[in-house]
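Novice: Output the structure for:
(one chain, ligands or ions: 1)
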Amino acid sequence: MEIAKHFTLQVAIIGSGPSGFYAAEALLNAGISTEITILEKLPCPYGLIRYGVAPDHQKLKRVTQTLDVIAEHPAVTFLGNVEVGKDIQINELMELYHIVIFTTGMPKSSLLDIEGESLIGVHPSSTFIGWYNGHPDYQTQSFDFSNDQAVIIGHGNVAIDICRVLTKPIDELRKSDIPETALELLNKSNIKNVHLVGRRGPVQAKFTTKELHELGKLENCNVSINPKHLNLGEACQQELDEISNQLARKNHGVFQTYSNNFTNIQHADKKQIAIDFMLNPKAFKGDKKVQSVLFAQNRLKGPAFKQVSIPCNSQLEIACGLAFTSVGFSGSKFYGLHTDPNKGILSNVNSRLINEHGDIVYGMYAAGWVKRGPQGVIGTNRECAQDTVDQILEDLAIFVDHFASAKHDLMNMLKVRNIQFVTFSDWKVIDAIEIEKGQQLGKPREKFTSVSSMLACI
Ligand code: NAP
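Specialist: Just a heads-up that it's a prediction; the model follows:
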């Protein structure tokens, strides 16, 4: 692609999770002159890595070291504490930059939309995850751990993360970066029995084997499944035998070991995690506060790999004092841009965003979960961001003349508006204080849990 030598592509990236950084990295590696501003609503970077990855999975969080290298590149400017749509509008960004890339992730949990979902004690996964990860938006949430039974709905890795936080010994959790305020409450938790409930069978569970296996390693905890669930129907067996379906086969091996624990359910001294299958949530029951979850028993219908759960006439009620829904996520809506109502993503054609009339908005792109939905591991977002940048480069060859007029003086604009933006070196000051406070407590860091406390550091 031939681009004039004097031309510097000005790019604004909205969101500083892994996808935002990986989009910046791909642009830096694209062989063009570029200047990139990464905008973040919170004063701190890293999005999902800081506030989504489980706090007891600190190894995974070390990817921030790679992201720091990208942030510290001379062509990259990080501006935290800037909310797009409030402090600066999207149309203003489009005047300041040639390209705007949305990497805003999927911050909101999908809801089940069933009776009783608003009862006290019923929480979407994002609320609990945000709370125990110290996200400023979730610190006023309260969780009642006084009952000994909890139910988690959903058979994905997020449900497993929640299950571990509920059942891991407190001394193990103290080694994580869960804030002290949350640890204090978790220390008083009476939770002894957790039901991890899926609407389909073991072959369809979305857990990754490593995470599923990790549950079985929890100290003083019995993980069990009823062996009847391992008697597979024809279509399930076909799915399991499919050569490419390694995940299901590996998971099946772990489920078999857990089925051997079914008789240990009576071990009064141990915590119990029961993995339940084929149950469709129908209602949360209780008077103001949740007391049980009512499920319809399911059967599977359809050919292999397309089996859906069909509720039968029989029902099952599981008593609980806390219930979590962990059934996926959806993204934020942005004025003027079309959101896919089913997937919760920003509607796009190969990363190019679409307006409410269905037309491509030239210069606007998406990467990461907001582009493709909530799936994959952190590295998946690197490929996804590279793909977005490849599309940008294709378009650039066509639209470069139009782009020549953009100018970027966002910082001045924010100063005039009295927005206290946070630069990457400001963040490093906050970071160092968190790490130091953490060291005093024998943990990786003690996070600031409010925006004001972060801003007070700088
Ligand atoms: P997920 O893997 O898509 O699992 C969602 C679960 O919710 C599925 O079991 C799904 O069942 C169920 N579900 C959806 N709608 C439902 C409904 N109406 N009623 C009952 N159940 C329903 O999502 P996730 O757990 O939120 O994870 C998102 C992504 O992050 C995944 O790619 C995951 O692997 C990744 N992640 C990775 C890690 C890690 O690597 N350690 C940790 C956390 C998350 P069906 O299958 O029947 O639809």
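Novice: Show me the shaky parts of the stretch 201-350 of the chain.
Specialist: 264-267 (pLDDT under 70).
Novice: What segments of it are helices?
Specialist: 209-216, 234-241, 246-259 (DSSP state H, counting those that start in this stretch).
Novice: okay, these in TSV with mean neighbour count next?
Specialist: For every residue, glycine as well, the C-beta is placed using N, CA and C. Below are those laid out as TSV (neighbours: other C-beta atoms under 10 Å):
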stretch	mean neighbour count
helix 209-216	17
helix 234-241	16
helix 246-259	17
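Novice: Could you provide these in TSV, with additional columns for distance to the ligand?
Specialist: Listed next are the helices of the stretch 201-350 of the chain as TSV, based on distance: least, C-beta to the nearest ligand atom, whole Å:
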stretch	distance to the ligand
helix 209-216	5
helix 234-241	12
helix 246-259	10
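Novice: Quick check: which of those helices is nearest to Val122?
Specialist: Ranking the helices of the stretch 201-350 of the chain by proximity to Val122 (C-beta to C-beta) places helix 209-216 first, at 22.8 Å.
Novice: which residues are in contact with the closest one?
Specialist: With contacts defined as C-beta atoms under 8 Å, 6 or more residues apart in numbering, helix 209-216 is touched by 157, 160-161, 163-164, 205, 221, 223, 247, 250-251, 253-255, 257-258, 273.
Novice: Which residue, other than its chain neighbours, is closest to Gln272?
Specialist: Leaving aside its sequence neighbours, Gln272 sits nearest to Asn193 (C-beta to C-beta, 6 or more residues apart in numbering; 4.7 Å).
Novice: shouldn't the one you found be in contact with Val151?
Specialist: No. Counting by C-beta atoms under 8 Å, Asn193 stays clear of Val151, with 9.4 Å between them.
Novice: higher neighbour count, those two?
Specialist: Val151 (27 against 20; other C-beta atoms under 10 Å).
Novice: State the distance from the residue nearest to Gln272 to the ligand.
Specialist: 20 Å (C-beta to the nearest ligand atom, to the nearest Å).
Novice: try Glu40
Specialist: 21 Å.
Novice: cool, and Ala283?
Specialist: For Ala283 relative to the ligand (C-beta to the nearest ligand atom), the value is 12 Å.
Novice: how about that residue, what does it touch?
Specialist: Ile114, Glu115, Gly116, Val293, Leu294.
Novice: So which bits of the stretch 201-350 of the chain are right by the ligand?
Specialist: For the stretch 201-350 of the chain, the contact set with the ligand under C-beta under 6 Å from any ligand atom comprises Gln204, Lys206, Thr208, Glu211, Pro281, Ser326, Val327, Gly328.
Novice: can you pick the most crowded of those?
Specialist: In these, the most neighbours by other C-beta under 10 Å go to Ser326, 27 neighbours.
Novice: So is the host helix or strand of Thr127 next to the ligand?
Specialist: Per DSSP states H and E, Thr127 falls inside helix 125-132. No. Judged by C-beta under 6 Å from any ligand atom, helix 125-132 stays clear of the ligand, getting no closer than 6.6 Å.
Novice: all numbers from here: first residue = 6
Specialist: All right, first residue 6 from here; so that's helix 130-137.
Novice: hey, where'd the helices end up in the stretch 356-463 of the chain?
Specialist: So, for the stretch 356-463 of the chain - with DSSP H, counting those that start in this stretch - the helices run 374-377, 385-408, 415-421, 429-446, 456-460.
Novice: Now render these as JSON lines, adding distance to Phe310, mean neighbour count and mean pLDDT.
Specialist: JSON lines is the format used below for the helices of the stretch 356-463 of the chain (distance: least, C-beta to C-beta, whole Å; neighbours: other C-beta atoms under 10 Å; pLDDT from 0 to 100):
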{"stretch": "helix 374-377", "distance to Phe310": "20", "mean neighbour count": "26", "mean pLDDT": "97"}
{"stretch": "helix 385-408", "distance to Phe310": "21", "mean neighbour count": "18", "mean pLDDT": "87"}
{"stretch": "helix 415-421", "distance to Phe310": "47", "mean neighbour count": "14", "mean pLDDT": "93"}
{"stretch": "helix 429-446", "distance to Phe310": "45", "mean neighbour count": "16", "mean pLDDT": "98"}
{"stretch": "helix 456-460", "distance to Phe310": "45", "mean neighbour count": "16", "mean pLDDT": "98"}
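Novice: Now tabulate the ones you listed in TSV and tack on distance to the ligand.
Specialist: Output for the helices of the stretch 356-463 of the chain, formatted as TSV (distance: least, C-beta to the nearest ligand atom, whole Å):
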stretch	distance to the ligand
helix 374-377	8
helix 385-408	8
helix 415-421	32
helix 429-446	22
helix 456-460	25
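Novice: Make CSV out of those and add distance to Pro23.
Specialist: Putting the helices of the stretch 356-463 of the chain into CSV (distance: least, C-beta to C-beta, whole Å) gives the following:
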stretch, distance to Pro23
helix 374-377, 10
helix 385-408, 5
helix 415-421, 23
helix 429-446, 16
helix 456-460, 20
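Novice: Just put the helices of the stretch 206-355 of the chain in CSV and tack on distance to Phe310.
Specialist: Listed next are these as CSV, based on distance: least, C-beta to C-beta, whole Å:
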stretch, distance to Phe310
helix 214-221, 19
helix 239-246, 6
helix 251-264, 10
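Novice: Leu44 - how many residues pack around it?
Specialist: Applying other C-beta under 10 Å, I find that Leu44 has 27 neighbouring residues.
Novice: just Glu361 next, same as before
Specialist: Glu361 has 11 nearby residues by other C-beta under 10 Å.
Novice: Compute the number of surrounding residues for the nearest residue to it once chain neighbours are set aside.
Specialist: In this structure, Glu361 finds its nearest non-sequential neighbour in His343, 5.3 Å apart by C-beta to C-beta, 6+ apart. Applying other C-beta under 10 Å, we find 19 residues neighbouring His343.
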